[in-house]
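Q: need coordinates for the below:
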Amino acid sequence: MSVRLKLTLSYAGFLMLAGVLLLAAVWLFLLRYVPDRALIVRADTPLNGVFPVRSNLLHVFAPRAAAVLAFLLVFGVVGGWFLAGRMLAPLTRITDATRRAGTGSLGHRIRLPGRKDEFRELADAFDTMLARLEAHVAEQRRFAASASHELRTPLAISQALLDVARADPHHDSGELVERLHAVNTRAIALTEALLLLSRAEQRSFTRERVDLSLLAEDATETLLPLAEQRGVTVETGGDIAPATGSHALLLQLTTNLVQNAIVHNLPDQGMVWVRTGAGPDRVRLTVENTGEQVTPELAATLTEPFRRGTDRIHTDHAGVGLGLAIVTTITRAHDGSLTLTPRPAGGLRVTVELPAADAPAEH
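A: Residues are numbered from 1 along each chain as shown. Got it, this is the predicted structure:
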């Protein structure tokens, strides 16, 4: 049976039960005190009126009580069917929206009117879920399109180089090999970045105790040759910052932040500051650098996949456009938060906050 029919039968059953209880109360508190035989009253007594006999009263009352019960049954079924339909109407709209979402139509919203009750809360929660799901699907489509474009570029360049070499057999093969090597290296880096991004999104890693201050020192030491090559001074410091997560992913996060701070810096005499801190339940990693002025609007878009700053494409260390996207995904996978703040003097301040090792993770 449908829910509407069950509710209808329940309403009718409760109405019939109430009628039977009412009749039982009439019998219990009224009819039982009616005499079952005629009374003879003397003329000189002050009692006046008619004194019914119980059998006669029941003979008259029973058919009418049965008719009332029959009316209550019909009224309960019809009224219950109507009331159940009115009560379940919001659920029908939610079901229709669910069917539409199941077919891929995520733009539909329920927008249930009326007072805020349980159905309204359910519809609002469903609309919020649809909005987030639609945004996520749109983001994934943009990411797939951008990834396809980024992967197609090195392949197209390799094809063009090979076509040129085939058309000109006397072309310098050493130069061709060097250019193919550079293009292939970039394609491999992009593929590895995509795999790392997928791994972080799936949270398929083992959690262990990690000190962010040690990761900052390791990343700085690894990137020191790059900093010296570009004339950038890197300063590290701060407190011990124990967190819980993947050592490899958090090291990749720190390395990406420090590398971005070195590459996107002043042409000469640039500075990078790497600091760690610890609070009662959160630990913090801050990477700050000098550089060109960054608007808040541009800073808000730098974490998008394949989003590059104004000068990234023109550098030797342009990367694949997934540095901050990987940082964002790793941060979310560790139940943390990422904040990008433009510096008034130029450059950017990036702050990553994670749950402390001894604090419960916030999901």
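
Q: from here on, just use CA atoms for contacts and neighbour counts.
A: Fine.

Q: got a list of contacts for stretch 57-67?
A: Leu23 (C-alpha atoms under 8 Å, 6 or more residues apart in numbering).

Q: let me know the average pLDDT across it.
A: For stretch 57-67, mean pLDDT is 78.

Q: just stretch 278-287 next, same as before
A: Averaging pLDDT along stretch 278-287 gives 92.

Q: low-confidence ranges, the stretch 101-250 of the chain, go.
A: 142-147, 149-150, 153, 171-172, 193, 197 (pLDDT under 70).

Q: mind listing the helices for it?
A: 118-167, 173-202, 212-222, 224-229, 247-263 (DSSP state H, counting those that start in this stretch).

Q: tabulate those helices (JSON lines), appending distance to Ala345 and mean neighbour count.
A: Formatted as JSON lines, the helices of the stretch 101-250 of the chain follow (distance: least, C-alpha to C-alpha, whole Å; neighbours: other C-alpha atoms under 10 Å):
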{"stretch": "helix 118-167", "distance to Ala345": "33", "mean neighbour count": "15"}
{"stretch": "helix 173-202", "distance to Ala345": "32", "mean neighbour count": "15"}
{"stretch": "helix 212-222", "distance to Ala345": "23", "mean neighbour count": "19"}
{"stretch": "helix 224-229", "distance to Ala345": "20", "mean neighbour count": "15"}
{"stretch": "helix 247-263", "distance to Ala345": "15", "mean neighbour count": "22"}
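
Q: adding distance to Leu324, write those helices out as JSON lines.
A: Formatted as JSON lines, the helices of the stretch 101-250 of the chain follow (distance: least, C-alpha to C-alpha, whole Å):
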{"stretch": "helix 118-167", "distance to Leu324": "14"}
{"stretch": "helix 173-202", "distance to Leu324": "11"}
{"stretch": "helix 212-222", "distance to Leu324": "16"}
{"stretch": "helix 224-229", "distance to Leu324": "19"}
{"stretch": "helix 247-263", "distance to Leu324": "7"}
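
Q: so which of the ones you listed is nearest Ala70?
A: Nearest to Ala70, of all these, is helix 118-167, at 33.8 Å by C-alpha to C-alpha.

Q: work out the gap between the closest one and the centre of the chain.
A: Offset of helix 118-167 from its chain centre (C-alpha atoms, centre = their mean, to the nearest Å): 18 Å.

Q: show me what that helix is packed up against.
A: Helix 118-167 sits against helix 54-102, helix 173-202, with contacts defined as 3 or more C-alpha pairs under 8 Å, 6 or more residues apart in numbering; DSSP states H and E.
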